[in-house]
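J.: Here's a sequence, model it:
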Amino acid sequence: MSLLVTGRSDMHVLAVAVAGTAGIVRGPGLFTVSAVAYDRLFTFAEERSYRVRAMIHSHPEEAFLSRTDRAYSLRVPGFISAVVPTYAAPPADPESWGWWRFEQDWVPCTAPVVDPALPPVRTVVFDEEGVREY
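T.: Numbers count the residues shown, from 1 in each chain. The predicted model follows:
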């Protein structure tokens with residue numbers, strides 16, 4: 001699972017935040033992030049005038065929002081959730097993933113435009129211990 005971080009007033013991705021280990025639980029069919037870990041990431045973003053705009057995660061086969069995704073993803077108006085299908089051999093083209101935006105419920109939306117002319121995106125790891133750049 002990763003989260004896309006943008007500038008406050010635009011949708012250009014500035015960082016990809018990947019979940020670390022402290023306060024993160026991984027298991028077969030299970031992935032949870034503690035409130036403290038989310039707080040560390042959102043504080044990091046707020047201090048830099050960034051916004052956490054989207055979550056990307058994968059499923060074993062199809063790209064769909066599961067009952068768990070619908071209930072426990074960040075349900076904030078305008079927040080985007082993407083699901084990458086076939087995680088054993090994921091497609092590289094984001095247009096072949098599933099994309100949804102939360103309004104009053106999750107509604108399908110189009111994949112964002114990927115502009116190779118933009119500067120490289122930084123990668124950060126977040127968990128209960130904080131946010132670290134790599």
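
J.: just checking, next helix/strand downstream of the longest helix along the chain?
T.: When the chain is parsed with DSSP state H, its longest helix is helix 35-47. Using DSSP states H and E, the helix or strand that follows helix 35-47 in sequence is strand 50-58.

J.: Could I get the CA-only coordinates of whichever helix or strand comes after that following strand as CSV?
T.: Remark: after strand 50-58, the chain's next helix or strand is helix 67-72, criterion DSSP H and E. This file holds the C-alpha atoms of helix 67-72, laid out as CSV (Å, rounded to 0.1, in the frame of the first residue of the first chain):
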residue,chain,number,x,y,z
ARG,A,67,-16.3,-4.5,1.3
THR,A,68,-13.3,-3.8,3.5
ASP,A,69,-11.9,-1.2,1.1
ARG,A,70,-15.2,0.6,1.0
ALA,A,71,-15.7,0.7,4.7
TYR,A,72,-12.1,1.3,6.0
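
J.: what does helix 67-72 rub up against?
T.: The contact list for helix 67-72, computed with Cβ atoms under 8 Å, 6 or more residues apart in numbering, reads His57, Ser81, Val83, Trp106. C-beta: built from backbone N, CA, C; applies to glycine.

J.: Understood, closing this out.
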